[in-house]
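Enquirer: this is a predicted model, with the sequence first.
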Amino acid sequence: MEDFSEVLIRCSSLSCLFTEPKEKSKKDAGELSQTAKTHLYEVYANLWGYEKDLVTKQMRKGTEAEHLGINLLSMVEGELYEKNDLRMQNDYITGHADIVTEDEIIDIKLSWDVFSFLPKLNEEVDKCYFYQLQGYMWLWGKENARICYCLVNTPDNIIQGEKYRLLRSMDVVSEESPEFLKAAQRLENNMRFDKIPMEQRVISQKVYRDEEIIKKIPEKVERAREFISNIYKTHFAA
């Protein structure tokens, strides 16, 4: 591939392009930040068919239990939300929003446990999610969006995997050892949340469309394409 003029940036990666260089001189010169460059090396590798194999336990839960988050939100808000199956794109970005309604975009985020969930009550919108939702709102033509943090039970297969790792980390004779059984019970308790009322297991954060941000996206993507093109030229000149 030699023409990078049509490379699309995923909405989930937009925050990388909006990260500014630490040095004022580089920022004033319009240079890409190191964060952006690092991500674009990954984009370049993706074009060759390679992807970083990074799947955390939190990511696995987010994928495997997403439907539980959508069901929880539906029950709490009395609306029948359905998973959006349509990936959208324009000339610059591509994205796959979780839920698309007539009025808004809803992005489901599954918290790993109650300790990572509760701080969302007072935290500002995560920068990465803010830019991601700006991209979604641009693609779907929406004015409003929400991030909904949902606290749902961890799938059994993930719990069993965590118990196995726990067993290997403990100096016990077997999985029947009282010390392990007690620790395993505590672990499982921390990964199931049915004792908490449903309405207290959803935290919503509003995100409004920012036209100034959206207007900057084409320029950011063009700069990214130029950087990827330069990677290619340097790569094949070596």
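Expert: Cool, the structure landed. Given the structure is predicted, the values throughout are model-derived calculations rather than measurements. Residues are numbered from 1 along each chain as shown.
Enquirer: drop to CA atoms for contacts and neighbour counts, all remaining ones
Expert: OK.
Enquirer: ok but Y50 is inside a helix, no?
Expert: No - counting by DSSP: H, G, I helix; E, B strand; the rest coil, Y50 is located in no helix; its state is coil.
Enquirer: tell me the phi and psi of it?
Expert: When quoted as degrees, to the nearest 10, the phi and psi of Y50 stand at phi -110, psi 140.
Enquirer: separation between it and Q34?
Expert: Separation of Y50 from Q34 (C-alpha to C-alpha, to the nearest Å): 21 Å.
Enquirer: alpha carbons of the helix-or-strand element of the chain with minimal mean pLDDT, as PDB, please.
Expert: One helix or strand of the chain scores below all others by mean pLDDT, DSSP states H and E: helix 24-28, with a mean of 74. The C-alpha trace of helix 24-28 is given here as PDB (Å, rounded to 0.1, in the frame of the first residue of the first chain):
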ATOM      1  CA  LYS A  24       5.500  24.600  23.400                       C
ATOM      2  CA  SER A  25       7.700  25.000  20.300                       C
ATOM      3  CA  LYS A  26       6.400  21.700  18.800                       C
ATOM      4  CA  LYS A  27       2.900  22.500  19.800                       C
ATOM      5  CA  ASP A  28       3.100  25.900  18.100                       C
END
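Enquirer: packing partners for the next helix or strand after that helix?
Expert: Downstream of helix 24-28, the next assigned helix or strand under DSSP states H and E is helix 34-47. Contacts defined by 3 or more C-alpha pairs under 8 Å, 6 or more residues apart in numbering; DSSP states H and E place helix 34-47 against helix 14-18, helix 211-237.
Enquirer: tell me the angle helix 34-47 makes with helix 211-237.
Expert: Here helix 34-47 points in a direction 60 degrees away from that of helix 211-237 (axes from the mean of the first three to the mean of the last three C-alpha atoms, to 10 degrees).
Enquirer: give the buried residues for helix 34-47.
Expert: Neighbour-count burial for helix 34-47 flags A36, K37, L40, V43, Y44 (criterion: 16 or more other C-alpha atoms under 10 Å).
Enquirer: nearest to A97, of those?
Expert: Nearest to A97 among the buried residues of helix 34-47, counting by C-alpha to C-alpha, is V43 at 20.3 Å.
Enquirer: spell out for me which residue occupies the centre of this structure.
Expert: In the chain, the residue lying closest to the centroid (C-alpha atoms, centre = their mean) is S12, at 6.2 Å.
Enquirer: residues near E199, how many?
Expert: Around E199 there are 13 other residues, counting by other C-alpha atoms under 10 Å.
Enquirer: what's the answer for K215, then?
Expert: Residues lying near K215 (other C-alpha under 10 Å) number 11.
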